[in-house]
Each structure stands twice: as C-alpha cells, then as structure tokens.
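**Q** Predicted model and sequence below, questions to follow.
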Amino acid sequence: MVYYKLTFQQLINNIDKKYTNKNINHQIIFSLSKIVKNSLDLITFRNKQIDFQYQNYINKLNQYYKKYAPISNITKLVHFNNADFIVLKKVHYPRNETELLCWEIANLIKKMNKKIKIIDFCAGTGCMGISLKKNNMNSKLTLLEIDKKAICNIKKNLVLNKVEANIINNDFFKYIKTCKTKFDVICFNPPYLNKNEIQENLIKYENKISFNNSNDPIEFYSELFKNLKQITNKQFIVGIEYGYNQKKQIKNILDKYKLSNYTTFYKDLNNIDRFAIIYKNSND
C-alpha cells in the first residue's frame, strides 16, 4: 500500500488551515493510524510518516465538514486514553484536552499506594472515569451524570471496556451537597461554555447541556471547591477542565478556598490554558 509522504506534523499543519476543528481532525487520524492513537502519540510520532492513505483521510474529513456526520459515525469508535468508547448521538464526545488531563491524572495516581475511589462528575460517555479504572482495576469507580441518554451511553462503554462502576443519574449541585462518600480522585469536565459561546454546529449532534447547563458556568467550580473537604480524603487528586478564557476566574476560586498551592495549570495542544490538577498529599 502506498501512503502519501507526509509526516503527521506536516499533515496537521496543512489540514488545520482548511479544516478548523482540530479535535475532529485528530480524532480521525487516531481512527486511521495504527501508531497514533491519542494526543500524546501525536506529539511523540509527529515526525513519522503517516501510515494511512491521505485521500481516505480527506474523504472522512469531508464527511464531517460537508455532510455534517457525527464523528462517532465516521470513526465508529473514539479512542481515548488507550481505550475505545462508543459515542451515541446527542452525547458529548471526548476532546483532546480532556485526554491530556486524563493522562496527567493517571500519572499522579501512580503515587497513591492504596486502593482508590474515583468519581467522574458530569461523566458524559464515562471516558475519563472508565479509562482511569482500566489502569487501576482495584479502584472503585462512580460515574455521575444528569442526562439519561448519556447514562445509556455510559452503560454501553462499561460493557465494552469490561469495567464495573456505580452509576448515579443525578444533578451535580444536588449530589455534592449531600454526598457522604470520600474520594481519592475526582474528574471534572462540566458544561463550562457561556450561552453566547454555543454555536449551532456544536449542538447539531451533541446535547446542549453538555456545553451549558447554568446561567454562570463558573458556579460548577465554586460548588466543587466549596464542598471539596467533605468529599475527599486527606490525599487527593482533582482534575478539572475549563474554558480558554476562564483561568483567572478559576484561580480566584482556588485562592478563596486556599487550594492554589496544590494546583498546577496545564496548556492544551494549541498552547492554551485549558485544565488544572489539584494534588494534595496526606502530609500537606
């Protein structure tokens, strides 16, 4: 088989100028390539030649950009953090920055020499919690999600990945105020867009509440940090994703609850501040 002689880096440099949704562009690469299956692979093998047919890649891009087909229809499965996930129509599909956050959380979990409890708030497909559980099969996983279609999606992905979890169909704000369980790891990717940031193409195939479910999206983070002490053990990891323009607001909330000293901020593949991890040792 003859491949178009571009490196992965050359490919994305050329494609991203014409096809503007980088996350979609990369997801299709992950579905076609045998060596690049996630965002970290894309960095690691960026100077390698692509291992698939260029025209096949273009055809799949056109399916999305010209025919508006859902990415899950094009790629069949979404590859995320070394696992495959089904994405049903009207359920939020995993983004690259979420995968990078998950990788960082997974690396920190290695420092925890105990059986851990993980909760994935606003779980969507369940990709974060399920992939972390697959790397730590002795852990206990809880997945919280308000949307019933997403709950159905989570159940399919638990079966696909042969993982067991406690599924809770509830509102985040109601649950966190009454939660009696203490967790070691929290994954948090809430609907953080403001209403005026939601574009029609975003909600054509995904549920609107995946992007905005509050008059003030920052309320999600305020509520989490306000209740953090009652739902975490002494040693804990909290990974959060937020909007490209929300770092200052997030930092102010962290300062308010005296969490800034335990926080590291990270940039996405486009060098934009997009996620943070709060890691506290039992001795801190």
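**A** That came in fine, so what should we check first?
**Q** From the centroid of the chain, which residue is nearest?
**A** Nearest to the geometric centre of the chain sits Thr98, at 2.8 Å (CA atoms, centre = their mean).
**Q** looking at this, Arg244 is in a helix?
**A** Quick fix: residue 244 reads Tyr, not Arg. No: using DSSP: H, G, I helix; E, B strand; the rest coil, the assignment for Tyr244 is coil, not a helix.
**Q** Touching, it and Phe275? I think so.
**A** No: with contacts counted by CB atoms under 8 Å, Tyr244 stays clear of Phe275, the gap being 10.9 Å. (Each C-beta comes from the backbone N, C-alpha and C, glycine too.)
**Q** Between those two, which is the more surrounded one?
**A** Applying other CB atoms under 10 Å to Tyr244 and Phe275 shows that Phe275 carries more neighbours, namely 24 against 13.
**Q** ok, that one - contacts?
**A** Phe275 sits next to Glu97, Thr98, Leu100, Leu101, Glu104, Gly239, Ile240, Glu241, Tyr242, Phe265, Tyr266, Asp268 when contact means CB atoms under 8 Å, 6 or more residues apart in numbering.
**Q** can you list the residues that contact the host helix or strand of the residue nearest to the centre of the chain?
**A** Using DSSP states H and E, Thr98 sits within helix 96-109. Where contact means CB under 8 Å, 6+ apart, the residues beyond helix 96-109 that reach it are 22-23, 26-27, 38-40, 80-81, 116, 127-128, 131-132, 135-136, 185, 187, 189, 237, 239-241, 266, 268-269, 274-275, 277, 279.
**Q** wouldn't Tyr19 be in contact with Tyr65 here?
**A** Yes: at 5.8 Å, Tyr19 counts as touching Tyr65 under the criterion of CB under 8 Å.
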